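A.B. asks: Predicted model, plus sequence, below.
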Amino acid sequence: MAGFWGRRKREREELHAQDVDLARDAQRALVEVDERIRVTTDELAFAVAELGEGPTGDLRDALDAVRTHLAEAFHLHQLNHDEIPDTPEELRTRNARIVQLCTWADELLDDRTDALAEPIERARRAPEIIAGVRRDAERLRTRIPHARETVSRLAERYSAAALGQVADNAAEADQLLRFAEHSADVAERRRDAGQREQANLALETATEAARRAATLVDAVETFEIEALRAESTLAAIVEDSRGDLVAALSAPQVPTVAEAMTALQSALAALPAPGAKTDPFGDLSRLREANTGLDAAIAAAEERARRVIPDLAHVRHAIDDADRQLHVARDVIAGHRGWIGADARTRLAEADRVRQDLDRLVGGSAATASDIAEDDREQAMVLSRRAATLAGESLQLAQRDIDSSRPPGGPDQWNGGWGGPQRGGRGGGDLMGGILGGLVIGGLLDGMFD
């Protein structure tokens, strides 16, 4: 007994120590967040000076929200120290809420100030960035004549379709560079006029225009390398395709393989003659697509040849068996609704769902379909057998429910669970046994055709 009271005392002491720590954390959090608000308010003023009102709106809204919730935290702290006595539970709840509010406020301000850190740094470096944009524009402009010469030289070898992605790059780059220099001038003038938000927008526009111009000029030089690589790859794929056409002659000769062979032969025939202007990227894409199509068609044909396709008659037997067992299960459950539990009903519902999947597979009523595609027959067999199995399980569970619901006293006391009294002292179990036996025999006979 002494051990019990000693343990309770230790628990109270531990809880009291935790409450003391929580109260201390709440007070410290209040002080830190209140000071954080003052510091962030100053930071907002600096950010507005650098970026303007628009980009700093999120931080301003965050400060307003934090001030509102911090007022609640101060109110809770005041309640903890007023003249009205509080229970330990009340103090604990308030202090926990204070810590929660202060933590949320600190995280929100961190998120908003971090989002502004990079724009502020960029704005403070505006003179340096503007000078960099002008240097980049001057350097890139010296590369534009070479880019034009490169495009002219490539036009002698490649078709207009191939050069379409770089033909106008030099002109577009020159236009972008003029726009970048103009935007840099605007940024400088707006900054000197104290219009920081407009200045920063013009600065971002200038840097982006210079970046895009550099990308366009680089793309001209990269094009020639990529075109040579595409020509090399195209030669290898041409050789590989011709070998695939020869190998395809020994593959199963089905319509899909024949169509894929024709498509690959057409792609090879469409390749330009030696000396003609080419589009290595387009030629490579078309030939690769046709080559891949032939590989896929051969693989599918070989897989189909290895797979035993069920005979249509066997599939029809499986569908008929599933429909027969579903019909019997539905009739039994419908005739004894008050006796049938959830298990039997669930099996029947699942069997119906699988049977509907079978109809969707064949694109209509499976029971009346004139034909079932060879590629679908194996799946049709699987679905049919699954539906039949579930229907059989539903029927067995229904019989269990019916047997468990019979009044005690034997068949003479049971008033016809299967629709009326049974003659000769035979109950519903005998009839159910006959139904199940018939289904089993039917299933065995159908299995002889598999």
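C.D. replies: Yes, it's here. Keep in mind it's a predicted model, so treat the numbers as computed, not measured.
A.B. asks: how close does the residue nearest in space to the middle of the chain get to L383?
C.D. replies: When the chain is reduced to its mean C-alpha position, the closest residue under C-alpha atoms, centre = their mean turns out to be D357, at 25.6 Å. The span separating D357 from L383 equals 6 Å under the rule C-beta to C-beta, to the nearest Å. Any C-beta I mention is one placed from the backbone N, CA and C, and that applies to glycine too.
A.B. asks: residues of the strand or helix carrying the residue nearest to the centre of the chain that come out buried?
C.D. replies: Using DSSP states H and E, D357 sits in helix 342-362. In terms of neighbour count (16 or more other C-beta atoms under 10 Å), helix 342-362 has its buried residues at 344-345, 347-348, 350-352, 354-355, 358, 361-362.
A.B. asks: What's the first helix or strand after it?
C.D. replies: Tracing the chain past helix 342-362, the next element assigned as helix or strand by DSSP H and E is helix 374-405.
A.B. asks: Looking at the buried residues of helix 342-362, which is nearest G57?
C.D. replies: Distance from G57 was checked for each of the buried residues of helix 342-362 by C-beta to C-beta. The minimum falls on E350, at 56.6 Å.
A.B. asks: For the closest residue to that closest one other than its chain neighbours, grab the count of nearby residues.
C.D. replies: Spatial nearest neighbour of E350, excluding adjacent residues (C-beta to C-beta, 6 or more residues apart in numbering): L390 at 5.2 Å. Using other C-beta atoms under 10 Å, L390 has 24 neighbouring residues.
A.B. asks: which intervals of the stretch 1-150 of the chain have sub-threshold pLDDT?
C.D. replies: Regions of the stretch 1-150 of the chain meeting the criterion pLDDT under 70 cover residues 1-12, 49-50.
A.B. asks: All the helices of it, residue numbers only.
C.D. replies: Residue ranges of the helices in the stretch 1-150 of the chain, as given by DSSP state H, counting those that start in this stretch, are 2-51, 57-80, 88-124, 126-141, 144-155.
A.B. asks: contacting residues for the residue nearest to the centre of the chain?
C.D. replies: L383 (C-beta atoms under 8 Å, 6 or more residues apart in numbering).
A.B. asks: distance of it from D110?
C.D. replies: Relative to D110, D357 is positioned 53 Å away (criterion: C-beta to C-beta).
A.B. asks: Then D321?
C.D. replies: Distance from D321 to D110, by C-beta to C-beta: 68 Å.
A.B. asks: Give me the more crowded residue out of those two.
C.D. replies: Neighbour tally, D321 and D110, criterion other C-beta under 10 Å: the higher count belongs to D321, 22 against 13.
A.B. asks: Now do the helix or strand where that one lies against helix 342-362, angle only.
C.D. replies: Using DSSP H and E, D321 sits in helix 312-335. Going by axes from the mean of the first three to the mean of the last three C-alpha atoms, to 10 degrees, helix 312-335 is angled at 150 degrees with respect to helix 342-362.
A.B. asks: Name the residues of helix 312-335 that are buried.
C.D. replies: Neighbour counts over helix 312-335 (16+ other C-beta under 10 Å) mark 314-326, 328-330, 332-333 as buried.
A.B. asks: what sits against F179?
C.D. replies: Contacts for F179 were tallied using C-beta under 8 Å, 6+ apart; they are 205, 209.
A.B. asks: Quickly note the distance from it to A173.
C.D. replies: Distance check for F179 against A173: by C-beta to C-beta, it reads 11 Å.
A.B. asks: ok, now Q396?
C.D. replies: 79 Å.
A.B. asks: Between these two, which is the more surrounded one?
C.D. replies: Shown here are Q396 and A173; by other C-beta under 10 Å, A173 has more neighbours (27 against 17).
A.B. asks: Contact partners for that one?
C.D. replies: 140, 144, 147, 213-214, 216-217.
A.B. asks: make it 10 Å
C.D. replies: 140-141, 143-144, 147-148, 209-210, 212-220 (C-beta atoms under 10 Å, 6 or more residues apart in numbering).
A.B. asks: Looking at the buried residues of helix 342-362, which is nearest A267?
C.D. replies: L361 (34.4 Å).
A.B. asks: neighbours of the residue lying closest to V220 once chain neighbours are set aside, just the number please.
C.D. replies: With C-beta to C-beta, 6+ apart as the criterion, V220 has its nearest non-adjacent residue at 4.4 Å, and that residue is A147. A147 has 22 neighbours, counted by other C-beta under 10 Å.
A.B. asks: Now do A147 against R189, distance only.
C.D. replies: 31 Å.
A.B. asks: and if you look at E303?
C.D. replies: Here the distance between E303 and R189 works out to 71 Å (C-beta to C-beta).
A.B. asks: Could you point out which residue ranges in the stretch 301-450 of the chain have low pLDDT?
C.D. replies: For the stretch 301-450 of the chain, the stretches with pLDDT under 70 are 406-450.
A.B. asks: give me that answer again for 50
C.D. replies: Applying pLDDT under 50 to the predicted model, the residue ranges of the stretch 301-450 of the chain that meet it are 414-450.
A.B. asks: helices and strands around the host helix or strand of L245, which ones?
C.D. replies: With elements taken from DSSP H and E, the one containing L245 is helix 196-248. Identification of packing neighbours for helix 196-248 by 3 or more C-beta pairs under 10 Å, 6 or more residues apart in numbering; DSSP states H and E yields helix 2-51, helix 88-124, helix 126-141, helix 144-155, helix 160-163, helix 169-192, helix 255-269, helix 280-306.
A.B. asks: how does it look with 7 Å?
C.D. replies: Contact here means 3 or more C-beta pairs under 7 Å, 6 or more residues apart in numbering; DSSP states H and E; on that basis helix 196-248 packs against helix 2-51, helix 126-141, helix 144-155, helix 169-192, helix 255-269, helix 280-306.
A.B. asks: now those helices in a markdown table, with distance to L234?
C.D. replies: A markdown table is the format used below for these (distance: least, C-beta to C-beta, whole Å):
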| stretch | distance to L234 |
| --- | --- |
| helix 2-51 | 52 |
| helix 126-141 | 33 |
| helix 144-155 | 17 |
| helix 169-192 | 24 |
| helix 255-269 | 11 |
| helix 280-306 | 5 |
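A.B. asks: Would you mind finding the most buried of these?
C.D. replies: Most buried of the helices and strands packed on helix 196-248, by mean neighbour count (mean count of other C-beta atoms under 10 Å): helix 169-192, with a mean of 19.
A.B. asks: avg pLDDT for that helix?
C.D. replies: This predicted structure assigns helix 169-192 an average pLDDT of 89.
A.B. asks: angle of it against helix 196-248?
C.D. replies: Here the directions of helix 169-192 and helix 196-248 differ by 160 degrees (the same axes, to 10 degrees).
A.B. asks: can you give me the offset of helix 169-192 from its chain's centre?
C.D. replies: A distance of 41 Å separates the centroid of the chain from that of helix 169-192, by C-alpha atoms, centre = their mean, to the nearest Å.
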